[in-house]
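1. got a structure for you, letters missing:
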Ligand code: COA
């Protein structure tokens, strides 16, 4: 397999973007990445786009070809493929692009991720997201994702003594980081009290324990590592890529407090990168709900199982902690346009490793890890990156 590097990144602001269409978001993120990589349409061998449910959110399917069209590349007839794996669609698209270069087939590939979720109302968005849960065993009985993650949180509290206050610390930290990120949906710090008193959504998770409903797009340009220096003096190499699956429904799992798909995907990525969790300098993890970040730092091996809550309370994962987590603000504050999230995580890793993350820059960052989950853990993708 050939080495692969990121040579360009692009991102729209995340949020309730009423003034921008689905097509405009794709074009904005894609053109930024292409300009950043200093490439032209004729250099691109393939396009991959991650989106969970464009058909339900904006009634547009067949978006692989649409991406090529709105990017102005129709006349080049570039192969363009849409990739779907619920909220992990973005990272899956990154992995497909990565493989197509690692295999030797392609030299330069553009990967995008998009979701425009606010064009439907809140309850419809909840119902569309719930299509990623098990329809027979979860959604049919009224389970939504806030409800499913609330069950994980309740069990984690029972097993390990995790407290609602520890969950709240995740939200406070991620909003503090989001306040330093001009692309974030929420750029305002919040207090522990605000999170603790926020409207209950699914006990024990309040509104401030949840990621929001978001619009946004992200894009990266991948290149064969041996050619990357022709385009940029700061290529960022993907040194590990792992993917794993699990049951759609929680009840089929060995332990609902552990996302085994995370454990397996991380093991693959660490093995390929020839490093371990202790070597990671910072991470973007899938904090769709505050409990998800606590499970993630445990399942990725950063802390012992059950110690995630206390690690967060001890501020190990703040920007100036020993392992900064979700420097972008995470899904919680940066926002979670589901298909875009996995690509946006790679954008943040790239900006950090290029030393271009501004006020949220992690000092001396060497290895960054991105962790993107589909549903409640039926799909997981982990990438590890390093500056070349
Ligand atoms: N975090 C912080 N603030 C939020 C928020 C969130 N998750 N969701 C909404 N808000 C804010 C809004 O900006 C708005 O603020 P304003 O009054 O200052 O404008 C206010 O709270 C009310 O917003 P509204 O859109 O009416 O909230 P809602 O009650 O319709 O939705 C949730 C809140 C939590 C139910 C919704 O964000 C949600 O469903 N999140 C989970 C999404 C999800 O499941 N993703 C997939 C994960 S697997």
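-> Cool, the structure landed. Just so we're clear, the structure is a prediction, and the values are computed from it rather than from any experiment.
2. C-alpha only now, for contacts and for neighbours.
-> Fine.
3. Residue 148 sits in which helix or strand?
-> helix 145-160 (DSSP states H and E).
4. any idea how far residue 95 is from the residue of the chain found nearest the ligand?
-> Proximity of the chain to the ligand (Cα to the nearest ligand atom) peaks at residue 212, 3.4 Å away. For residue 212, the distance to residue 95 equals 25 Å [Cα to Cα, to the nearest Å].
5. What residues does this structure have near the ligand?
-> 122, 126, 129, 145-146, 207-208, 210-213, 288, 375 (Cα under 6 Å from any ligand atom).
6. per-residue confidence for the residue in the chain sticking out farthest from the centre?
-> The outermost residue of the chain relative to its centre, with distances by Cα atoms, centre = their mean, is residue 75 at 31.8 Å. As predicted, residue 75 sits at a pLDDT of 96.
7. repeat for residue 388
-> 88.
8. got it, and residue 14?
-> So residue 14 comes in at 98 (pLDDT).
9. Please look at it and residue 335 and confirm they touch.
-> Yes: if you go by Cα atoms under 8 Å, residue 14 and residue 335 touch, sitting 5.9 Å apart.
10. overlap in contacts of these two?
-> Taking Cα atoms under 8 Å, 6 or more residues apart in numbering as the criterion, residue 14 and residue 335 both touch 184, 185, 214.
11. ok, the last one touching residue 337?
-> Think residue 214. Yes: between residue 214 and residue 337 a contact is recorded at 4.6 Å, counting by Cα under 8 Å.
12. Residues that sit against both of the two, list them.
-> Shared contacts of residue 214 and residue 337, counting by Cα under 8 Å, 6+ apart, come down to 14, 115, 116, 117.
13. ok, of those, which come out buried?
-> For these, a burial check counting by 16 or more other Cα atoms under 10 Å picks out 14, 115, 116, 117.
14. Can you flag which of those belong to strands?
-> Per DSSP state E, strands hold the following members of these: 115, 116.
15. Would you confirm that the residue farthest from the centre of the chain belongs to a strand?
-> No: Residue 75 sits outside any strand when classified using DSSP: H, G, I helix; E, B strand; the rest coil, being helix.
16. and the end-to-end length of stretch 324-334?
-> One end of stretch 324-334 to the other measures 15 Å (Cα to Cα).
17. List the buried residues of that stretch.
-> Across stretch 324-334, burial judged by 16+ other Cα under 10 Å covers 324, 325, 326, 327, 328, 329, 330, 331, 332, 333, 334.
18. Can you lay out those residues as a markdown table showing pLDDT and secondary structure?
-> Converted to a markdown table, the buried residues of stretch 324-334 look like this (pLDDT from 0 to 100; DSSP: H, G, I helix; E, B strand; the rest coil):
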| residue | pLDDT | secondary structure |
| --- | --- | --- |
| 324 | 98 | coil |
| 325 | 98 | strand |
| 326 | 99 | coil |
| 327 | 98 | coil |
| 328 | 98 | coil |
| 329 | 98 | coil |
| 330 | 98 | helix |
| 331 | 98 | helix |
| 332 | 98 | helix |
| 333 | 98 | helix |
| 334 | 98 | helix |
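19. TSV for those, including distance to residue 2?
-> Converted to TSV, these look like this (distance: Cα to Cα, whole Å):
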residue	distance to residue 2
324	30
325	29
326	29
327	30
328	30
329	33
330	31
331	31
332	35
333	36
334	33
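20. And stretch 300-309, end to end?
-> Per Cα to Cα, the first residue of stretch 300-309 is 14 Å away from its last.
21. Need the residues that contact stretch 352-363.
-> With Cα under 8 Å, 6+ apart as the test, stretch 352-363 has contacts from 177, 180-181, 234, 236, 282, 319-320, 324, 327-328, 348, 351, 365-368, 386-387.
22. mind redoing it with 6 Å?
-> For stretch 352-363, the external contacting residues (Cα atoms under 6 Å, 6 or more residues apart in numbering) are 180, 351, 387.
23. got the buried residues for it?
-> Neighbour counts over stretch 352-363 (16+ other Cα under 10 Å) mark 352, 353, 354, 355, 357, 360, 361, 362 as buried.
24. same question, stretch 1-9
-> 3, 4, 5, 6, 7, 8, 9.
25. on that earlier part again, neighbour count: residue 214 and residue 337, which is higher?
-> Per other Cα atoms under 10 Å, whichever of residue 214 and residue 337 has more neighbours is residue 337, with 30 against 23.
26. what's near enough to touch residue 107?
-> Listed by Cα under 6 Å, 6+ apart, the contact set of residue 107 reads 101, 223, 224.
27. would you list every one of the strands in the chain?
-> All strands of the chain, identified by DSSP E, fall at 4-11, 46-50, 80-83, 108-116, 200-202, 205-206, 215-224, 236-245, 282-284, 367-374, 379-387.
28. okay, the angle between the fourth one and strand 215-224?
-> Put plainly, it is strand 108-116. Per axes from the mean of the first three to the mean of the last three Cα atoms, to 10 degrees, the angle that strand 108-116 makes with strand 215-224 is 170 degrees.
29. Would you map the helices across the stretch 251-388 of the chain?
-> In the stretch 251-388 of the chain, the segments counted as helices under DSSP state H, counting those that start in this stretch are 260-273, 290-299, 308-313, 330-334, 338-353.
30. looking at these, which is buried most?
-> Most buried of the helices of the stretch 251-388 of the chain by mean neighbour count (mean count of other Cα atoms under 10 Å) is helix 330-334; its value is a mean of 31.
31. Show me how far it is from its chain's centre.
-> Computed by Cα atoms, centre = their mean, to the nearest Å, the separation of helix 330-334 from the middle of its chain amounts to 9 Å.
32. Show me what it is packed up against.
-> helix 164-178 (3 or more Cα pairs under 6 Å, 6 or more residues apart in numbering; DSSP states H and E).
33. Settle this for me: residue 48 is touching residue 111, isn't it.
-> Yes: between residue 48 and residue 111 there is a contact under Cα atoms under 6 Å: 4.8 Å.
34. between these two, which one's more packed in?
-> residue 111 (31 against 27).
35. List the contacts of the more buried one.
-> Counting by Cα under 6 Å, 6+ apart, residue 111 makes contact with 47, 48, 49, 219, 220.
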